[in-house]
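K.L.:
Just to be clear, the model below is a prediction. Sequence and coordinates:
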Amino acid sequence: MSLTVENLEVHYQTTRGPVHALDGVTFSLADGEIMGLVGESGSGKTTLGKSLIRMDGRMRHVGGTVTLDGVELPIGDTVAMNKFRFSDVSIVPQYAMSAMNPTRKIGRMVRELVESRKIRFSTVRDELNRRLDLVGLDRAVLDRYPIELSGGMKQRMVMVISTLLNPSLLIADEVTSALDVSTQRAVALALASFRDHELVRGMIVITHDVSLVYQIADSITVMYAGRLAETAPTDVMVSEPRHPYTQMLISSLPEVGVRYSGKRLTGIAGSPPALLNPPPGCRFRDRCPLAFDKCAEQPPFVEIAANHKVACWKAM
Ligand SMILES: Nc1ncnc2c1ncn2[C@@H]1O[C@H](COP(=O)(O)OP(=O)(O)OP(=O)(O)O)[C@@H](O)[C@H]1O
């Protein structure tokens, strides 16, 4: 698998004008890589995930390309993308737990989905069973209605369904956020096991939760206000973050084993700029403790070490 996203620009059409949700996003994913995509609410993570599989009616592909396994995806054309969905690129959507049809038994729903792709259910039956075993679900779930499953069971079921046709790329959007901590861990490990068993060849895990991606991701990419702020291998990002926003994000994480009775966790003061008319220059500069004159110009996203890129004048 190889994924290359170059200069991707996606807007939302609104009555007040276009919202610049993705503004020149460039990254690549290597074969077998799990990339964690983090950033605060509204930074564009879900928009990026949706752009790679199914744009909603208000989204417009304004510029840039997405190339998966050497083929440029027709991301702006929902009908043409049909051919690629589930079989080449698949998603476990945000709120996946409520995405299942409540009036269908789960087995029937899977059968209908597979047959809608012109594939005979009998040909995937054994693989379905194997994957249920892999995520720790009893095969009897196929005979149950979604309402009869717990949140974590539903989430794992959606993961099995989304990957049944062996997509090269899987996008997992906030798959653990509605779950309790121990279920979160089980779901995160199930995700990683799909990659380890080569059922998918690359994964983008979208989350607010940096500690989750720290557990399972090979690399972390940080978004800020529609742009990429930094990308690096996970251990580098955690030990040597270079963008001031990433530094603040990492330092606000609780350390495992440390008691916080005497120490207060801090957030990052202020909020990102509106994306309706984003200001020129670095979008973090109003909140940045290191901001200086040069930040009125947009910093390029440049490689400062192997596989480590950052968009900050102070980091170059
Ligand atoms: N349907 C829409 N119409 C107009 N603007 C939208 C729409 N959906 C999202 N946006 C805007 O696009 C930007 C990116 O939103 P997006 O949902 O991708 O962010 P996110 O990082 O995934 O946030 P969250 O973590 O809260 O899901 C935000 O400024 C948001 O307000």
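P.N.:
Looks like it arrived, so ask away. Residues are numbered from 1 along each chain as shown.

K.L.:
how many other residues sit next to the residue in the stretch 51-200 of the chain that the ligand sits nearest to?
P.N.:
Among all residues of the stretch 51-200 of the chain, R58 sits closest to the ligand, at 4.8 Å; criterion: CB to the nearest ligand atom. (C-beta placed from N, C-alpha, C; glycine too.) Burial measure for R58: 12 neighbouring residues, criterion other CB atoms under 10 Å.

K.L.:
contacting residues for the spatially most central residue of the chain?
P.N.:
Taking CA atoms, centre = their mean as the criterion, I206 is the residue nearest the geometric centre of the chain, at 2.7 Å. For I206, the contacting residues are L37, K45, T46, L48, G49, Q94, I171, A172, D173, E174, by CB atoms under 8 Å, 6 or more residues apart in numbering.

K.L.:
Does the closest residue to the ligand within the stretch 201-316 of the chain belong to a helix, a strand or coil?
P.N.:
Nearest to the ligand, among the residues of the stretch 201-316 of the chain, is L275, at 4.3 Å (CB to the nearest ligand atom). Reduced to three states with DSSP: H, G, I helix; E, B strand; the rest coil, the structure at L275 is coil.

K.L.:
Kindly state the pLDDT recorded for it?
P.N.:
Per-residue confidence (pLDDT) for L275: 94.

K.L.:
got it, and the one 5 residues further on?
P.N.:
P280 is assigned a pLDDT of 93 by the prediction.

K.L.:
And for it, the neighbour number?
P.N.:
Counted with other CB under 10 Å, the neighbours of P280 add up to 8.

K.L.:
what does K294 give?
P.N.:
By the measure other CB under 10 Å, the count of residues near K294 is 12.

K.L.:
Can you name the residues that contact V187?
P.N.:
With contact set as CB under 8 Å, 6+ apart, V187 has these partners: G152, Q155, R156, M159, V175, T176, L179.

K.L.:
Sketch out the low-pLDDT regions of this protein for me.
P.N.:
97, 254-266 (pLDDT under 70).

K.L.:
So which bits of it are right by the ligand?
P.N.:
If contact is defined as CB under 6 Å from any ligand atom, the residues of the chain in contact with the ligand are 12, 14, 19, 21, 39, 41-47, 58, 208, 275.

K.L.:
Swap in 8 Å and give it another go.
P.N.:
Taking CB under 8 Å from any ligand atom as the contact definition, the chain meets the ligand at 12-14, 19, 21, 39-50, 56, 58-59, 94, 173-174, 206, 208, 223, 225-226, 274-275.

K.L.:
What separation is there between T4 and the ligand?
P.N.:
21 Å (CB to the nearest ligand atom, to the nearest Å).

K.L.:
if I look at the residue lying closest to M55 once chain neighbours are set aside, how far off is L48?
P.N.:
The shortest distance from M55 to any residue that is not its chain neighbour, by CB to CB, 6 or more residues apart in numbering, is 6.3 Å, and that residue is T78. Counting by CB to CB, to the nearest Å, the gap between T78 and L48 amounts to 17 Å.
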